[in-house]
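Novice: Need a 3D model of the sequence below.
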Amino acid sequence: MRNRHAWTERDEEGVKREVEAHKELGRWRLRFKGAGDEHWTPLDPPSRESLETLRGILWRKYQRRRASYEDVVLADKMLAETTE
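Specialist: Presented below is the predicted three-dimensional model:
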């Protein structure tokens, strides 16, 4: 998967999980997997916090020329659409 970005975070109960995002059909799709889970679970809709984390990762990668500016703009657009 070319446009894959991953990070770890803690959920509401404090359990550590891996989150990954990939671009599909002009949208960022996020999914997560807990420490003992075998399968990925989609984050649909993604939380504002997860989108902010993704945006930060994309911005840092853009500055190092590892992500495109369009990816950052798409994350900004999705953040603007969230109502949380």
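Novice: quick one: Glu9 from Phe32, how far?
Specialist: Distance of Glu9 to Phe32, computed by C-beta to C-beta, to the nearest Å: 8 Å. Every C-beta, even on glycine, is put in place using the N, C-alpha and C of the backbone.
Novice: who touches Thr41 in this structure?
Specialist: Contact partners of Thr41, counting by C-beta atoms under 8 Å, 6 or more residues apart in numbering, are Arg31, Phe32, Lys33.
Novice: If we use 6 Å, what do you get?
Specialist: Phe32 (C-beta atoms under 6 Å, 6 or more residues apart in numbering).
Novice: my guess is His22 contacts Ala6, does it?
Specialist: No - using C-beta atoms under 6 Å, His22 is not in contact with Ala6, being 9.3 Å away.
Novice: Now the common contact residues for Glu9 and Phe32.
Specialist: Common neighbours of Glu9 and Phe32, counting by C-beta under 6 Å, 6+ apart, are Val19.
Novice: between these two, who's got more neighbours?
Specialist: Neighbours per residue, other C-beta atoms under 10 Å: of Glu9 and Phe32, the larger number sits with Phe32, 19 against 14.
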